[in-house]
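A.B. asks: Okay, predicted coordinates and the sequence, questions at the end:
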Amino acid sequence: MMIWIIGHLLAVGIGLSLGLIGGGGSVLALPILVYVMGVAPKSAIAMTLVIVGTVSLLGVIPHWKAGNVSLKTALVFGGATMIGAFVGAKIAALPFVSGTFQMLLFAVMMVLAAGFMIQKSAKRTRASELDFYPKPVCKYCWLWLLTEGIGVGVLTGLVGVGGGFAIVPALVLLGRVPMKQAIGTSLLVIVLNSVAGFLGYLGQVPLDWELMGSFIVAASLGTIPGAYLARFVPARRLQQTFGYFLLAVAAFVLAQNRHSFKLSQSHNSVHAQVVQQSSRQL
């Protein structure tokens, strides 16, 4: 019972994250489900997609009312991410893709996302936030947009990360969407992404529907104080703090999976001994 309470209090943090910075829900949901609630990685990734997708859908509503959602762009980019997410989920179901590999890939993605957020927080003006992104050949922006959408979708299907840190700049640079609309549109893309990824996992892994429902409620409750607190905390400080927090999460996940490195080294050692013995016999 205590674990259940702790897990759901942490689930409120998922909503706080989404309310404060508009993202980061999946990077919290997956470790909580795996390391606190004891859910197997593959099942936890599928459940994360449902939790984050549902909470993101709730987050779309105020942006939609404010006119900050570009439906056409969301459908174009979201269509590409949905294809990628479904394919990524099917790849994750292959026998050679282990849960440990997915968690390690998740940790790597967290390091990249942390680096992005820390670097972004160091920028002084909004106009310069996207300066470090490669400048696209805008004659073919639609092709760049679809290509990145598929890539983001595949990662979503593999590790359950919504990809908000990659979606917003893609919408701004490639979709020519203003920053405010890009944030609202990205939430809708994450919803589409999550639906496709979950459909790819459906029937492939066991799911705890009751736990998903209670996590959605807890995370949804967290979005309210998160959105309120966002008014008083500077955005740059939030991004920087969350970036360092992501590094801590990545380090924790890597530490929890350190046995895989030892097993790999042991396997390589045994393989080398077998090769040496075979060469001697020859």
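C.D. replies: Cool, got the structure.
A.B. asks: And for the closest residue to residue 170 other than its chain neighbours, the neighbour number?
C.D. replies: In this structure, residue 170 finds its nearest non-sequential neighbour in residue 148, 4.8 Å apart by Cβ to Cβ, 6 or more residues apart in numbering. (C-beta placed from N, C-alpha, C; glycine too.) Neighbouring residues of residue 148 were enumerated by other Cβ atoms under 10 Å; the total is 23.
A.B. asks: do residue 38 as well
C.D. replies: Taking other Cβ under 10 Å as the neighbour definition, residue 38 ends up with a count of 10.
A.B. asks: before we move on, back to that, please point out which parts of the helix or strand containing the residue nearest to residue 170 sit buried.
C.D. replies: Under the criterion DSSP states H and E, the helix or strand holding residue 148 is helix 141-159. Judged by neighbour count (16 or more other Cβ atoms under 10 Å), helix 141-159 contains these buried residues: 144-146, 148-159.
A.B. asks: average pLDDT across stretch 220-235?
C.D. replies: Averaging the model's pLDDT scores along stretch 220-235 yields 72.
A.B. asks: roughly how far apart are the residue nearest to residue 170 and residue 34?
C.D. replies: Separation of residue 148 from residue 34 (Cβ to Cβ, to the nearest Å) stands at 28 Å.
A.B. asks: can you check residue 244 too?
C.D. replies: Between residue 244 and residue 34 the distance is 21 Å, computed by Cβ to Cβ.
A.B. asks: Those two: who's more crowded?
C.D. replies: A direct count of neighbours by other Cβ under 10 Å for residue 244 and residue 34 places residue 34 higher, at 22 against 13.
A.B. asks: dump the residue contacts of that one.
C.D. replies: Residue 34 makes contact with 40-41, 44, 103, according to Cβ atoms under 8 Å, 6 or more residues apart in numbering.
A.B. asks: Among those, which one sits closest to residue 205?
C.D. replies: residue 40 (7.5 Å; Cβ to Cβ).
A.B. asks: Please list all residues in contact with the residue nearest to the closest one when sequence neighbours are not counted.
C.D. replies: Using Cβ to Cβ, 6+ apart and skipping residues adjacent in sequence, the residue nearest residue 40 is residue 99, 6.2 Å away. The contact partners of residue 99, taken as Cβ under 8 Å, 6+ apart, are 40-42.
A.B. asks: Also residue 182?
C.D. replies: Contacts of residue 182 were listed using Cβ under 8 Å, 6+ apart, and they are 167-168, 171-172, 175.
A.B. asks: Format those as CSV; extra columns: secondary structure.
C.D. replies: Conversion of the contacts of residue 182 to CSV gives the following (DSSP: H, G, I helix; E, B strand; the rest coil):
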residue, secondary structure
167, helix
168, helix
171, helix
172, helix
175, coil
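A.B. asks: Nearest residue to the middle of this protein?
C.D. replies: Taking Cα atoms, centre = their mean, the centroid of the chain lies closest to residue 161, which sits 1.7 Å from it.
A.B. asks: hang on, that residue packs against residue 106?
C.D. replies: Yes: with contacts defined as Cβ atoms under 8 Å, residue 161 counts as touching residue 106 at a distance of 6.8 Å.
A.B. asks: Rounded mean pLDDT for stretch 87-99, please.
C.D. replies: Taken as a whole, stretch 87-99 has a mean pLDDT of 88.
A.B. asks: Go ahead and produce PDB holding the CA coordinates of that stretch.
C.D. replies: What follows is the C-alpha trace of stretch 87-99 in PDB, where atoms were taken according to Å, rounded to 0.1, in the frame of the first residue of the first chain:
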ATOM      1  CA  VAL A  87       6.700   0.900 -36.500                       C
ATOM      2  CA  GLY A  88       8.800   1.600 -33.400                       C
ATOM      3  CA  ALA A  89       6.300  -0.300 -31.200                       C
ATOM      4  CA  LYS A  90       6.400  -3.300 -33.600                       C
ATOM      5  CA  ILE A  91      10.200  -3.200 -33.600                       C
ATOM      6  CA  ALA A  92      10.100  -3.200 -29.700                       C
ATOM      7  CA  ALA A  93       8.100  -6.400 -29.900                       C
ATOM      8  CA  LEU A  94      10.800  -8.300 -31.700                       C
ATOM      9  CA  PRO A  95      12.600 -11.000 -29.600                       C
ATOM     10  CA  PHE A  96      16.000  -9.500 -29.800                       C
ATOM     11  CA  VAL A  97      14.800  -6.100 -28.400                       C
ATOM     12  CA  SER A  98      15.000  -6.600 -24.700                       C
ATOM     13  CA  GLY A  99      13.500  -4.400 -21.900                       C
END
